[in-house]
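Undergrad: predicted structure and sequence below. I'll ask about it afterward.
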Amino acid sequence: GESVGLHLPTLSVQEGDNSIINCAYSNSASDYFIWYKQESGKGPQFIIDIRSNMDKRQGQRVTVLLNKTVKHLSLQIAATQPGDSAVYFCAENIWGNTPLVFGKGTRLSVIA
Amino acid sequence: ETGVTQTPRHLVMGMTNKKSLKCEQHLGHNAMYWYKQSAKKPLELMFVYSLEERVENNSVPSRFSPECPNSSHLFLHLHTLQPEDSALYLCASSQEPTGQKLFFGSGTQLSVL
């Protein structure tokens, strides 16, 4: 069935550089998207979300971009820090209708 | 802390044992969830409860039995599990059962021998 997936399973970046984590989704009806961060030994933690009526949303050091034309979602982390090392998941659903569907996750490793 | 507490953090059990996982949320949410997280697989939704009523059961084997006595507590009763059931079991809560902005606990790492 349709599901959310990730382009790359692992990503290594130098400390201080910007990170970009990508996500593709196949359900064109999805209108809500969310990013989670999961550190070792912990459950996923909410980072940022975006509705389909927006194409960009910024948080603290993070930006989510949504391209509905190609069904692509990305998470940008500015000035990546060692504490950003974790697995990042994207998830999507139809607002108010279906539970979240999660992608497989991308492991981000920050090189000091 | 996310406001969702799971116990125990680690559990080792034999295939003939019966055990229970516990989850408690302190966020005043109306919906609670059980997810299974296996290595290299996406998070798999198992059960959804809304206002203590089960609203979704994603074809989970009957050896997993959920219980939601009130909106703050959720249990997962386990019996006659298989080694392939070894995984991280995550509890989550949200304001509404459609799952926006889930708040997760730290999970129970389950090993079935």
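TA: Everything's here; your move.

Undergrad: got a list of what residue 61 touches?
TA: In the absence of a named chain, this looks at chain A. The neighbours of A:R61, taking CB atoms under 8 Å, 6 or more residues apart in numbering or on different chains as the test, are A:77-79. All C-beta spots, glycine's among them, are computed from the backbone N, C-alpha and C.

Undergrad: now A:S19
TA: A:11, A:13, A:75-77, A:80, A:84, A:108.

Undergrad: which of those sits closest to B:G107?
TA: A:L108 (19.8 Å; CB to CB).

Undergrad: any idea whether the closest one is helix, strand or coil?
TA: strand (DSSP: H, G, I helix; E, B strand; the rest coil).

Undergrad: which of the three states applies to the spatially closest residue to it that is not a sequence neighbour?
TA: Nearest non-adjacent residue to A:L108, counting by CB to CB, 6 or more residues apart in numbering or on different chains: A:L11, 5.1 Å away. A:L11 falls in the strand class when you classify it by three-state DSSP.

Undergrad: residues touching A:L11, list them.
TA: Contacts of A:L11 (CB under 8 Å, 6+ apart): A:19, A:21, A:106-109.

Undergrad: one more time with 10 Å, if that's ok
TA: Contact analysis of A:L11 by CB atoms under 10 Å, 6 or more residues apart in numbering or on different chains lists A:19-22, A:80, A:88, A:106-110.

Undergrad: tabulate those (CSV), appending pLDDT.
TA: Below are those laid out as CSV (pLDDT from 0 to 100):
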residue, pLDDT
A:S19, 97
A:I20, 96
A:I21, 96
A:N22, 94
A:T80, 97
A:Y88, 96
A:T106, 92
A:R107, 93
A:L108, 96
A:S109, 96
A:V110, 96
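
Undergrad: what's the farthest-apart pair in these?
TA: A:N22 and A:V110 (17.5 Å).

Undergrad: could you check which of the two has the larger neighbour count?
TA: A:V110 (20 against 16; other CB atoms under 10 Å in any protein chain shown).

Undergrad: just grab the bridge partners of that one for me.
TA: A:V13 (DSSP bridges).

Undergrad: next one: it from A:V87, what distance?
TA: A:V110 sits 13 Å away from A:V87, taking CB to CB, to the nearest Å as the criterion.

Undergrad: sec struct for the closest residue to chain B within chain A, please.
TA: Minimum separation of chain A from chain B (CB to the nearest CB) falls at A:G43, amounting to 3.3 Å. Using three-state DSSP, the structure places A:G43 in coil.

Undergrad: chain neighbours aside, what residue packs nearest to A:S85?
TA: Nearest to A:S85 is A:V110, by CB to CB, 6+ apart, at 4.8 Å.

Undergrad: just checking, the one you found touches A:V13?
TA: Yes. In this structure, A:V110 is within contact of A:V13 by CB atoms under 10 Å, at 6.0 Å.

Undergrad: shared neighbours of these two, anything?
TA: The contact lists of A:V110 and A:V13 share A:19, A:77, A:80, A:84-85, where a contact means CB under 10 Å, 6+ apart.

Undergrad: enumerate the residues of chain A near chain B.
TA: With CB under 10 Å from any CB of the partner chain as the criterion, chain A meets chain B at residues A:3-6, A:9, A:32, A:34, A:36, A:38-39, A:41-46, A:49, A:51, A:89, A:91, A:93-105.
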